[in-house]
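Engineer: Okay, sequence plus prediction incoming.
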Amino acid sequence: MTRTFYVYILSNQTCTTVYIGVTNGLKGRVSQHKEGEIAGFTKKYKVHRLVHYEVFDDIRNAIAREKQLKKWRRKWKDELIAKSNPRWRDLYDEL
């Protein structure tokens, strides 16, 4: 059985703050963020719009990518998001 893992980027309504995470259940995890079920940064800053995600079949690769993205400059993160989602739409309903 193949498992699927996701690296995801969330943003707030004004696109001024981003959060990067990794999960094996993207829809459920984003739903938790949207409902404020996860205490901490995303709840405090209302970061719950899914603006980018990448799919992996190996958790080690997903974690490595998450760490890589977290080290990136904000400009690079913005450019990555804009490539696939120029309007920074919330992709949650498309999952």
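Structural biologist: Perfect, I can see it now. Numbers count the residues shown, from 1 in each chain.

Engineer: And the next helix or strand past the lowest-mean-pLDDT helix or strand in the chain?
Structural biologist: Lowest on mean pLDDT, DSSP states H and E among the helices and strands of the chain sits helix 41-44, with a mean of 94. Heading C-terminal from helix 41-44, the first helix or strand you meet, by DSSP states H and E, is strand 49-56.

Engineer: For the helix or strand following that following strand, name the packing helices and strands.
Structural biologist: Once strand 49-56 ends, the next helix or strand along the chain (criterion: DSSP H and E) is helix 59-71. Judged by 3 or more Cβ pairs under 8 Å, 6 or more residues apart in numbering; DSSP states H and E, helix 59-71 is in contact with strand 5-11, strand 18-23, strand 49-56. C-beta coordinates here come from the backbone N, C-alpha and C atoms, glycine included.

Engineer: contacting residues around Phe5?
Structural biologist: Phe5 makes contact with Val22, Thr23, Asn24, Val55, Phe56, Asp57, Asp58, Ile59, Asn61, Ala62, according to Cβ atoms under 8 Å, 6 or more residues apart in numbering.

Engineer: Residues in a beta bridge with it, which ones?
Structural biologist: In this entry, Phe5 is beta-bridged to Phe56, by DSSP bridges.
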